[in-house]
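Engineer: Next input, structure requested:
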Amino acid sequence: MELSCSLPPGPRTVEYAQLAESLGYRRLWLYDSPLLYPDVWMTLGRVAEATTTLGLGPGVLVPGLRHVATTAAAIATLESLAPGRVAVAVGTGFTARRLLGVPPLAWKHVETFLSGLRALLRGDTASIDGQPVRMLHPEGFAPPRPLATPILVAANGPRGCAVAQQHGDGVMAIADPPAGFAWCAVARSGTLLEPGETLESRRVFEALAPGIALVYHATYEAAGSAVDHLPGGRNWREATERVPEAQRHLHIHEGHCVAVPERERPFLDPQVGAMTFTGSAAELRERFAALERAGATELLYSPAGPDIPRELRAMALALRDG
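Structural biologist: From the prediction side, this is the model:
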C-alpha cells in the first residue's frame, strides 16, 4: 500500500511538499475549500515546479465551485507542469459546500460533472448546459488530448461507490475501504505517539485537535444531536447552537482542519483522538496492514497541528520501518 499525504493549501505547502517527496510519500493531495484556504490550483502549480517525482492533485474538487470547462483547463495546465504526476479527486463536498450555507451536492450532479469532464479531457465534444463544448487549445497551450489523468471519486455509500465504479479510476474514502476498487485511497488524520505519550499529552492533543474537532463538526452536520454521544458533545452542541442558525455554518468551520478556535477547545475531549490514526509505531504498522488487507491501496495521511514537518517525518519513519 502506498503512503501519501493530504494537506490544506497554505503558506508553507511547497516546503511540506518538498519534505514529503524526500521522505518517499507517493502523492500530495491538497484540499479545495476556497473560503478557508488559498487557491488549490495556484498552490499545486507552485508545488509542481518545486518537485520532480511527487504525485499531486486536488482532493477533493467539488462541482459547482468551478465550471467543468475551467476544471478541465486547470487539469491540463497542471499536467503540462507535472506530466504523468497528476491525479484528481471529485466529490459531493463537505466543508467547501457547508461554508456556502448549502448541503453536499446530490450524486446526479457529480455524475453529470464527471461525464462532461471526462469527455473534455478526451478531446471529445461534450454537452454542457445543452451546448456543444470542446477543448480547443492550440498546440503548446495545453498537452495534446486525450489526457489520461486519473480521477478518483470521494465516496463511501452505495450511490457514491456506484458513481465511482462508472466514472472513476478509483475511490477515495474516509471510512472503511469500499470493496471492489483497484485504487482505493483512504484518508486518515493522526500522529505517532512517542514513548510515554498518551492522548492527554499536550503535544499529542495539539497535533490531533483539528482532527478531533472534525469529528464533532461532521457528526453534527450529518446527524445533529447525535453529536451528544461524543464526550463533551452535548456541551459542544449547546454552545454551537447559541449562534443564530443563519450564521452557524461559519461558526462551525472556522479554522477547520488547521487551527481550532480557542472558544472550541474546552469542548474537545482528547479521548476522541482514539478514533484517529494514532498510536505507537507498532500499532500504526498493524493498522496500516489492516487497511491494506481490507482493500486500501493508498493511505492519505493528513497531519495537523503546529509541527507538520515532525508529523510527516514521524509517520513516514514509523510505517517505513514496518
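
Engineer: So which residues of the protein form helices?
Structural biologist: Using DSSP state H, the helices of the chain run over 13-23, 40-50, 68-81, 95-98, 107-122, 158-167, 202-223, 233-240, 245-252, 281-293, 308-320.

Engineer: So which of those is nearest residue 149?
Structural biologist: For the helices of the chain, distance to residue 149 was read as Cβ to Cβ. The smallest value, 5.4 Å, belongs to helix 68-81. Bear in mind the C-beta positions are built from the backbone N, C-alpha and C, glycine included.

Engineer: May I have that closest one exported as PDB, CA atoms only?
Structural biologist: Written as PDB, here are the backbone C-alpha positions of helix 68-81 (Å, rounded to 0.1, in the frame of the first residue of the first chain):
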ATOM      1  CA  VAL A  68     -16.400  21.900 -15.700                       C
ATOM      2  CA  ALA A  69     -14.500  23.700 -18.600                       C
ATOM      3  CA  THR A  70     -12.400  25.600 -16.100                       C
ATOM      4  CA  THR A  71     -11.600  22.400 -14.300                       C
ATOM      5  CA  ALA A  72     -10.500  20.700 -17.500                       C
ATOM      6  CA  ALA A  73      -8.200  23.600 -18.300                       C
ATOM      7  CA  ALA A  74      -6.800  23.600 -14.800                       C
ATOM      8  CA  ILE A  75      -6.000  19.800 -15.100                       C
ATOM      9  CA  ALA A  76      -4.400  20.300 -18.500                       C
ATOM     10  CA  THR A  77      -2.300  23.200 -17.200                       C
ATOM     11  CA  LEU A  78      -1.100  21.100 -14.200                       C
ATOM     12  CA  GLU A  79      -0.300  18.200 -16.500                       C
ATOM     13  CA  SER A  80       1.900  20.400 -18.600                       C
ATOM     14  CA  LEU A  81       3.800  21.400 -15.400                       C
END
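
Engineer: Now do that helix against helix 107-122, angle only.
Structural biologist: For helix 68-81 against helix 107-122, the angle by axes from the mean of the first three to the mean of the last three Cα atoms, to 10 degrees is 50 degrees.

Engineer: now helix 68-81 against helix 40-50, angle please.
Structural biologist: In terms of direction (the same axes, to 10 degrees), helix 68-81 departs from helix 40-50 by 10 degrees.

Engineer: re the thing from before, could you say which of the helices of the chain is packed most deeply?
Structural biologist: Among the helices of the chain, helix 95-98 has the highest mean neighbour count (mean count of other Cβ atoms under 10 Å), at a mean of 23.

Engineer: List of residues touching that helix?
Structural biologist: Helix 95-98 is contacted by residues 31-36, 62, 64-65, 103-105, 221, 249, 252-253, 256-257 when judged by Cβ atoms under 8 Å, 6 or more residues apart in numbering.

Engineer: So what touches stretch 130-137?
Structural biologist: Residues outside stretch 130-137 that contact it (Cβ under 8 Å, 6+ apart): 69, 72-73, 76, 116, 120-121, 123-127, 142, 145.

Engineer: One more pass at 6 Å, please.
Structural biologist: Here stretch 130-137 makes contact (Cβ atoms under 6 Å, 6 or more residues apart in numbering) with 120, 125, 126.

Engineer: Which member of these is positioned nearest residue 283?
Structural biologist: Nearest to residue 283 among these is residue 120, at 44.8 Å by Cβ to Cβ.

Engineer: coming back round to it: any idea which of the helices of the chain scores lowest on pLDDT?
Structural biologist: Among the helices of the chain, helix 95-98 has the lowest mean pLDDT, at a mean of 88.

Engineer: for the helices of the chain, which one sits closest to residue 195?
Structural biologist: Of all those, helix 281-293 sits nearest to residue 195, with 9.8 Å by Cβ to Cβ.

Engineer: still on that earlier bit, which of the helices of the chain sits closest to residue 267?
Structural biologist: When the helices of the chain are compared by Cβ to Cβ, helix 233-240 sits nearest residue 267, at 3.9 Å.
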